[in-house]
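*Asks:* what's the 3D shape of this:
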Amino acid sequence: MRLLSYMGQWKSAAKEVLDRTAIVAKFLCLLHVTNNYLCSPTLVYGPSMLPTLNLTGDVVLAEHVSHKIGKVGTGDVVLVRSPVDPRRILTKRVVGMEGDTVSFYVDPMYSQTTVVPKGHVWIQGDNTYASSDSRHFGPVPYGLIQGKVFFRDYVFVVSEFFIRM
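*Replies:* Prediction:
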């Protein structure tokens with residue numbers, strides 16, 4: 001009899017463990033789908049997007065749907081896989097879409113004009129003097145766009161302000 005009661009306890013404990021494991025697995029699947037295909041938080045830092053984004057870093061939310069359905073336009077801030085170093089993700093502003101004529105300064109004395117080819121975008125950082133962008137590596141294929149920034153976490157910025165006071 002005792003053996004049957006122990007087996008009953010183990011059976012209910014095993015069922016509880018399996019139920020909890022299934023809940024955790026479902027949550028992790030939801031988290032994966034949300035982070036990779038819908039929206040993800042990203043820490044961006046560096047001087048290229050000053051004054052729009054902080055030098056020391058900002059947390060932004062980027063959605064991953066617009067670029068797949070062709071809803072990225074001029075003026076949008078996007079996350080782009082670097083054409084020079086594919087391990088890096090760049091944060092830049094879209095300045096020109098395919099077919100647009102873009103004028104830019106190579107150096108303060110010399111400007112150049114180019115037409116953005118089909119299937120490409122022209123990206124530049126807001127801080128033109130400290131940004132490695134399309135002026136250096138040319139138009140970027142549309143497929144390298146990873147997401148479109150739609151929210152900057154101001155709570156992070158405000159807390160950073162109070163820490164420095």
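
*Asks:* Hmm, Val60 and Asp153 touching each other?
*Replies:* Yes. Contact criterion Cβ atoms under 8 Å: Asp153 and Val60 qualify, at 6.8 Å. C-beta: built from backbone N, CA, C; applies to glycine.

*Asks:* Between the two, point out the one with more neighbours.
*Replies:* Neighbours were counted for Asp153 and for Val60 using other Cβ atoms under 10 Å; Val60 has more, 22 against 14.

*Asks:* contacting residues around the more buried one?
*Replies:* Pro41, Thr42, Val44, Leu53, Val77, Thr91, Val149, Phe151, Arg152, Asp153 (Cβ atoms under 8 Å, 6 or more residues apart in numbering).

*Asks:* Need the nearest residue in space to the fourth one, chain neighbours excluded.
*Replies:* The one in question is Leu53. Val44 (5.7 Å; Cβ to Cβ, 6 or more residues apart in numbering).

*Asks:* Assess the claim that the one you found and Leu61 are in contact.
*Replies:* No. Assessed by Cβ under 8 Å, Val44 is found out of contact with Leu61, at 11.0 Å.

*Asks:* list the residues that contact both of Asp153 and Val60?
*Replies:* Pro41.

*Asks:* returning to what we had before: for the residue nearest to Leu53, which residues make a bridge with it?
*Replies:* Asp58 (DSSP bridges).

*Asks:* number of nearby residues for it?
*Replies:* By other Cβ under 10 Å, the burial measure for Val44, its neighbour count, is 20.

*Asks:* in the longest helix along the chain, what's buried?
*Replies:* The residue-count maximum for a helix in the chain (DSSP state H) belongs to helix 2-33. By 16 or more other Cβ atoms under 10 Å, helix 2-33 has no buried positions at all.

*Asks:* before we move on, back to that, for the residue nearest to Leu53, give its distance to Trp122.
*Replies:* Distance, Val44 to Trp122, by Cβ to Cβ, to the nearest Å: 20 Å.

*Asks:* And for Ile69?
*Replies:* Counting by Cβ to Cβ, the gap from Ile69 to Trp122 is 20 Å.

*Asks:* the more surrounded of these two?
*Replies:* Trp122 (26 against 7).

*Asks:* What is the neighbour count of the closest residue to that one other than its chain neighbours?
*Replies:* When the adjacent residues along the chain are set aside, Trp122 lies closest to Gly96, with 3.6 Å between them (Cβ to Cβ, 6+ apart). The number of residues packed near Gly96 is 21, by other Cβ under 10 Å.

*Asks:* confidence score at Gly96?
*Replies:* For Gly96, the model assigns a pLDDT of 96.
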